[in-house]
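Trainee: Structure, please.
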Amino acid sequence: MVALPTTGARAQPCVPGFDPPPATPDGAVVALLDDGPSGGLVLGGSFTTVGVTAASNIARFDGAGFMPIGPGFDAGVNALTIHAGDLIAAGNFTTDGVQVLARIARWTGAAWAPLGSGLNSSVLALTSANLGAGPGLYAAGQFTSAGGAPAVGVARWSGSSWSALANGLVGGARVGLALAAHDDGRGPALFVGGSFLGAGTTPSANIARWDGAAWSAVGAGLAGPVRAIAVYDGRLIAGGDFTAVSGGGPASRLAVWDGSVWAEFAGGANGPVRTLLALPDPAGPGLLVAGGEFTQIGGVPAARVAIYDGSAWSALGPGSASMVRALARHGDSLYIGADALTPVGSPAASLTRWTLCQAGLIGDLNNDGRVDGADITVILSNWGQTGVAGDTNNDGVIDGADITVVLNNFNG
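Mentor: Numbering: from 1, shown residues only. Next up, the predicted model:
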C-alpha cells in the first residue's frame, strides 16, 4: 500500500484507506479543486443535491459539510481553477438563473460574474499561468469563439478581454481537453492536450506548446486524444486514449516528455486515463495519482484509480466500479470524483476520499522539515513565475494562494 503526503503530524498512527465523506452528490463529479483562498474543497459536475443540500452543479465542502455556491448553474461544470485569487468555474452552463454566464463564470465571494461574453460552446479545462506577460486565465474546450471573436479550442482571458492563441487548434476534432503550465527547457509555456492535428500552423498531434506568442510542436505528438496533463518530478506526463507516440513507438495511454522525446510512462495503462494529479513531496519525487477507465496500470491490477510512488504503481484498495473523472488533495485526504464510485462493500457514490499518510510537509519549499517564514520567502522570490519552486497549490502560477497554503500548514 502506498502512503501519501499529509499536511502535518497525526496524534494516532495513520491508516490509508477509503473514508466516505459526510455526503455525496446525486450525479457525476467531473471537477475537484482545493480552494486555497477559502480553505474548502470545491466540486463541480452534473448534480442537483449533495446529501440533503440543494446545489446546482457546484458546491463547497468546508470540512464539516457541503454548501451551495450561490444559485449554481443550469448545466454541468467541467472545470475549476483559481485565478487572481478568485474561483473560476466553466462547463456547459449558460446562466445561474440570474444572468447570462456563457460557459464560464467568476465567484466574487457573493455572486457569480461573467467573464466578458464568454465562450460559444463547452469548456473542458482551465488553468491560470504566467508566460511572461502577466497572469492569464486559459480555457480549453469545444468552443470556436471567445468574447465574440474566433478562438478555436483554446483562449486566454486577460482580466478584461478574451483573445485567441494565434489560429488555435486545427485539424481533427479541434477540441482542447487538458492544460498545464511547464518549462521543458525552452522556457515557461502552456501545454494544451486534446483531439487535434496541430496548433496555429504547427503540426503536433493532440498536444502542443504555446509560449505566449507562438505555437511549437511537442515532438511529433501522441497518436490519440490527450485528456490529462500533469507535471511530475520535473517532467510532463500526459494521459489519454493514445496507444503510441505519433510516428511510432509504444505509449499505452501514459507518456512522459523529457523536453526532446516521448516515451511510455511507468508501464502504461490498459484503458483511457482521464485525470492526473501530482502530489509534491520534499523528501523525494512525490506521487502521481491517475484516474480513468483502466483496470491495470504498469502491469498492476487497479480499478480505475492508482498511485505511482516514483518506482511502481499501487491500487487504492478496491478502487472504483466506474470511470474516475477528477482528483484533488484537500487536507489529509485525496478526493476522487467519478460517475459512481463504488469501493467493494460500499454504496455507489460519485465522491469519496482516501486517507493520506506520509511524513512530507506540503509548503516546505526549502526542504528544511519546517513550514515557516523561509518558505514564504521562496514564494515571494518566485512571484508570478511558473515551473519553479513555490506553486504549492499546483494551479500553474505562484501567487497569494500559495502563501495561503503555507500559512495553513505553518509549523515554524
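
Trainee: Specify which residues of the chain, grouped into ranges, have pLDDT under the cut-off.
Mentor: When the per-residue scores of the chain are filtered using pLDDT under 70, the ranges that remain are 1-14, 36-39, 282-283, 341-348, 358-362, 364, 366-370, 386-388, 393-396, 408-412.

Trainee: Residue 86 is in contact with residue 80, correct?
Mentor: No - counting by C-beta atoms under 8 Å, residue 80 stays clear of residue 86, with 11.3 Å between them. For every residue, glycine as well, the C-beta is placed using N, CA and C.

Trainee: So these two - more neighbours on which side?
Mentor: Taking other C-beta atoms under 10 Å, residue 80 and residue 86 do not tie; residue 80 has more neighbours (23 against 15).

Trainee: so which strand or helix has residue 338?
Mentor: Residue 338 is part of strand 333-341, with elements assigned from DSSP states H and E.

Trainee: Which elements pack onto the helix or strand just after that strand?
Mentor: Of the helices and strands lying after strand 333-341 in sequence (DSSP H and E), the nearest is strand 349-355. Helices and strands in packing contact with strand 349-355 are listed as strand 17-18, strand 28-35, strand 333-341; criterion 3 or more C-beta pairs under 8 Å, 6 or more residues apart in numbering; DSSP states H and E.

Trainee: would you turn these into JSON lines with distance to residue 94?
Mentor: Supplementary listing: the helices and strands packed on strand 349-355 in JSON lines, determined by distance: least, C-beta to C-beta, whole Å:
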{"stretch": "strand 17-18", "distance to residue 94": "36"}
{"stretch": "strand 28-35", "distance to residue 94": "17"}
{"stretch": "strand 333-341", "distance to residue 94": "23"}
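
Trainee: mind checking which of those is nearest residue 354?
Mentor: The closest of the helices and strands packed on strand 349-355 to residue 354 is strand 333-341. By C-beta to C-beta, the value is 4.4 Å.

Trainee: neighbouring strands for that closest one, and are they parallel or not?
Mentor: Strand pairing for strand 333-341, using DSSP bridges, gives strand 324-330 (antiparallel), strand 349-355 (antiparallel).

Trainee: Highest mean neighbour count out of those?
Mentor: strand 324-330 (a mean of 25; mean count of other C-beta atoms under 10 Å).

Trainee: how close does residue 75 get to residue 111?
Mentor: With the distance defined as C-beta to C-beta, to the nearest Å, residue 75 ends up 18 Å from residue 111.

Trainee: Please disregard the earlier target; I meant residue 33.
Mentor: Counting by C-beta to C-beta, the gap between residue 33 and residue 111 amounts to 19 Å.

Trainee: the more surrounded of these two?
Mentor: For the pair residue 33 and residue 111, the greater number of neighbours falls to residue 33 (25 against 14), based on other C-beta under 10 Å.

Trainee: Would you mind listing the residues in contact with the more buried one?
Mentor: With contacts defined as C-beta atoms under 8 Å, 6 or more residues apart in numbering, the neighbours of residue 33 are 41-44, 80-82, 87, 328.

Trainee: buried stuff in stretch 105-125?
Mentor: 105-107, 112, 115, 118-120, 122-125 (16 or more other C-beta atoms under 10 Å).
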